[in-house]
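Enquirer: fold the following.
(chains A and B, ligands or ions: 2)
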Amino acid sequence: MRPSVQRYRNILDFALSSLLRRKGRNLALICVYTLVVFVIASLIFFVQALKREARELLVQAPDMVVQRMVAGRHDPMPVAQAETIRAIRGVEAVQPRLWGYYYDPVYGGNLTVMATDDTALAVESVWVGQGVARSMRVKEGDMISLRGYAGPMLFSIQKVLPEESELVSSDLILMSPQDVRSLFNLSEGLATDLAVQAGNPRELPTIAAKIVEQFPDARPILKSEILRTYEAIFDWRGGLMVVVLSSAILSFIIFAWDKATGLSAEERKEVGILKSIGWESADVLLLKFWEGSVVSLTAFLGGVLLAYVHVFFFSASLFEHALKGWSVLFPRYRLLPALDGYQLAVLFFLTVLPYTAATLVPIWRAATVDPDAAMRS
Amino acid sequence: MIELSRVVKTYQAGLATPFTAVDDVSLRIPAGKVTVLKGPSGSGKTTLLTLIGCMARPTSGRIHLHGLPAGTLPQLTEGDALEITSLPERFLTAIRRRTFGFIFQQFNLVRGISVLENVMLPTYPTGEDHAWVEARAIERLGELGLLRHLHASVDRLSGGEAQRVAIARALINEPAVIIADEPTAHLDSRLSEDFMELMGQFKAAGKTLLITSHDPIVHGSPLADVVVEMRDGRIVAGS
Ligand SMILES: Nc1ncnc2c1ncn2[C@@H]1O[C@H](COP(=O)(O)OP(=O)(O)O)[C@@H](O)[C@H]1O
Ligand SMILES: [Mg+2]
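Expert: Ligands and ions are numbered 1, 2, ... in the order given. Presented below is the predicted three-dimensional model:
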């Protein structure tokens, strides 16, 4: 091996044995460090995954949805209006939609019940999302009972929907339009809302204006508006994130600084000894750099791994209270793993770099003392 | 041979309380001989060692090293005399590593690691082959009767054993000059005699020895070729 390479290896070996020598202290250090990385990485993964889910949700959403408002509240609308709207110039298609929320007392949450025109779905059968299958502990071929307007209704589960994006389909129960009507007691001729598709998306605002002109009780909701709402929410959450993140990082820097500037007398003495037996300042710095790198890389990898498990396997359960708002927006879900290299790099630079810098500064001071100091300690 | 001319070391020079620990010392330390610096505590012996051993720089004066092996510094050829007081730190460290082996008064072993690792420690930055260094370290420790303690932590050694580990470490780079600062200060007379016997072996092997001591076992020893007495930073007898 070349001497320069061997030098790195020797010093790395010694760094590892030095770390083991101060096991208790270094373990405590790694634990705190890992915790910081864990919290920050969890937040980043969480928001990242939610953004992705929301994006997917919106890709499938129609350009415009028209609802009927009665006394400021959403009310079923006559299907007949669909014909009038279809006649407006620029409108390509109008699709009456039937859907609603079903509160499940056992499951303790709302499920989204939706009608589908897919003829593959038989009457008195349903397709359910992964989340529904999970929480009701059912699988294909099982029967489920739902409380309908006129008494309990039995459905056979024809299929469990594939897990493309859980937020989109997790809490979903798909059934035939007539089953939806009898479940919710919705009379023929009424729909929950209308999905409007335009030939040219730029005409959507004009179309919306015309709809309101003809039906004063109609409320058109544009996809772009939803997008903006989501973005505002994410930005607000993002702002919160920045506060949380920066305070976490700040406290971490203070912690690292405190730890580092409190270079123990023992360590200081050791630096003196190394210098007196022929180590140069650069060698001592390399040693401490290795030590710091081992600590920070271990903590970084550990923290990121824990955060990954936390967010994607346990649905960020530790944040449930802090980020409760999400559950208003989204039902129970399990986030699909999404990793962003850029975010990881940012995290790396925000945690590993300050730590390394904070440890090297005082060591620098200790490492540049004259080697004769060790002669009289 | 090491030659000092008019060497002065003033601590805190330029500050409110300057202190001259070594004052106008001129001295020749012959190669292959035992030189003992004696004198009361505070007379500047340790300070002088740090200057000779390239650990600190004198405030003024010159120190020449004669007969350094070629290659100690890249541009050095056999037989050159090297003036060390003006060299940058990097070179001083390189010379120190190859030329001097230090036995410190407090031994200066690194706690918590093994005897063997302590002995090998000075070679880590030089990037020498690990296996080769290890073989050498084991040989030295064997000669000093420490094979039993090879993998023991240095914290558990007795004073005499700890010093022998420090001696093995001083020898690991095969230096031409061995510098020992008050080596018998922590030893009883039996162990002190043993130590001097070891020094006799090193002298026989052709090493130059420089020892500070106010212990008669050392400066009164027949091994001592030159005894230099210091007081208040000055040489009062010998040289
Ligand atoms: N770093 C220092 N700053 C100021 N004074 C020092 C320093 N190191 C040593 N001295 C002083 O220099 C004098 C000589 O010290 P030293 O060389 O250790 O003497 P000796 O080894 O003969 O006992 C002592 O009075 C000591 O207090
Ligand atoms: Mg002394």
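
Enquirer: contacts, neighbours, all on C-alpha from now
Expert: Will do.

Enquirer: what about residue 215, neighbour count?
Expert: Reading this off chain A. 14 (other Cα atoms under 10 Å in any protein chain shown).

Enquirer: meant chain B actually
Expert: 17.

Enquirer: surely it is in contact with B:H186?
Expert: No: using Cα atoms under 8 Å, B:D215 is not in contact with B:H186; the gap is 11.1 Å.

Enquirer: what's next to stretch B:199-213, contact-wise?
Expert: Stretch B:199-213 has contacts (Cα atoms under 8 Å, 6 or more residues apart in numbering or on different chains) with B:30-39, B:45-46, B:175-184, B:219, B:223.

Enquirer: do you know how far B:T212 is from A:R219?
Expert: B:T212 sits 98 Å away from A:R219, taking Cα to Cα, to the nearest Å as the criterion.

Enquirer: ok, and of the contacts of stretch B:199-213, which contact chain A?
Expert: Filtering these for proximity to chain A by Cα under 8 Å from any Cα of the partner chain leaves B:T46.

Enquirer: so which of the contacts of stretch B:199-213 are in helices?
Expert: If you go by DSSP state H, the contacts of stretch B:199-213 have B:45-46, B:219 in helices.

Enquirer: compare B:T212 and A:R219 (neighbour count), which wins?
Expert: B:T212 (26 against 19).

Enquirer: which strand residues bridge that one?
Expert: B:L37, B:D181 (DSSP bridges).

Enquirer: specify the local secondary structure of the residue of the stretch 51-200 of chain A found nearest ligand 1.
Expert: At 61.9 Å from ligand 1, A:K51 is the closest residue in the stretch 51-200 of chain A, using Cα to the nearest ligand atom. Applying DSSP: H, G, I helix; E, B strand; the rest coil to A:K51 yields a three-state assignment of helix.

Enquirer: how far away is the spatially most central residue of chain B from B:A81?
Expert: The residue lying closest to the centre of chain B (Cα atoms, centre = their mean) is B:I179, at 1.9 Å. To B:A81, B:I179 is 20 Å away according to Cα to Cα.

Enquirer: anything in the helix or strand where A:A358 lies near chain B?
Expert: Here A:A358, judged by DSSP states H and E, is contained in helix A:341-367. No: using Cα under 8 Å from any Cα, helix A:341-367 stays clear of chain B, coming no nearer than 12.5 Å.

Enquirer: who touches stretch A:3-20?
Expert: By Cα under 8 Å, 6+ apart, stretch A:3-20 touches A:26, A:283, A:286-288, A:290-291, A:294, B:113, B:124-130.

Enquirer: show me which of those are buried.
Expert: By neighbour count, with 16 or more other Cα atoms under 10 Å in any protein chain shown, those hold A:26, A:283, A:286-288, A:290-291, A:294, B:113, B:124-130 as buried.

Enquirer: now, which of those sits nearest A:W127?
Expert: A:V294 (50.7 Å; Cα to Cα).

Enquirer: is that closest one in a helix, a strand, or coil?
Expert: Under three-state DSSP, A:V294 comes out as helix.

Enquirer: before we move on, what SS does the residue lying closest to it once chain neighbours are set aside have?
Expert: Excluding the flanking residues, the one nearest A:V294 by Cα to Cα, 6 or more residues apart in numbering or on different chains is A:L16, at 8.0 Å. Following three-state DSSP, the label given to A:L16 is helix.

Enquirer: out of the contacts of stretch B:199-213, which are close to ligand 1?
Expert: B:45-46 (Cα under 6 Å from any ligand atom).

Enquirer: sort out which residues of the helix holding A:A358 are buried, please.
Expert: In helix A:341-367, residues buried by neighbour count (16+ other Cα under 10 Å) are A:344, A:347-348, A:350-352, A:354-360, A:362-363, A:366-367.

Enquirer: then stretch B:207-215?
Expert: Those would be B:207-215, for stretch B:207-215 by 16+ other Cα under 10 Å.

Enquirer: with stretch B:219-227 instead?
Expert: So, applying 16+ other Cα under 10 Å, buried residues of stretch B:219-227: B:219, B:223-224, B:226-227.

Enquirer: residue closest to the middle of chain A?
Expert: Mean-position check on chain A, Cα atoms, centre = their mean. Result A:F46 at 2.3 Å.

Enquirer: could you measure from that residue over to A:F300?
Expert: Counting by Cα to Cα, the gap from A:F46 to A:F300 is 17 Å.

Enquirer: quick one: the helices in chain B?
Expert: Here chain B has its helices, by DSSP H, at B:45-52, B:89-99, B:115-120, B:130-143, B:159-171, B:189-204, B:216-219.

Enquirer: save those as TSV, and put in mean pLDDT too.
Expert: Listed next are those as TSV, based on pLDDT from 0 to 100:
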stretch	mean pLDDT
helix B:45-52	94
helix B:89-99	86
helix B:115-120	95
helix B:130-143	94
helix B:159-171	94
helix B:189-204	93
helix B:216-219	92
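
Enquirer: rebuild these as CSV, extending it with distance to A:Q178.
Expert: Formatted as CSV, the helices of chain B follow (distance: least, Cα to Cα, whole Å):
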stretch, distance to A:Q178
helix B:45-52, 98
helix B:89-99, 88
helix B:115-120, 82
helix B:130-143, 82
helix B:159-171, 91
helix B:189-204, 104
helix B:216-219, 110
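
Enquirer: okay but A:V160 is in contact with A:K139, surely?
Expert: Yes: A:V160 lies in contact with A:K139 (Cα under 8 Å); the separation is 7.0 Å.
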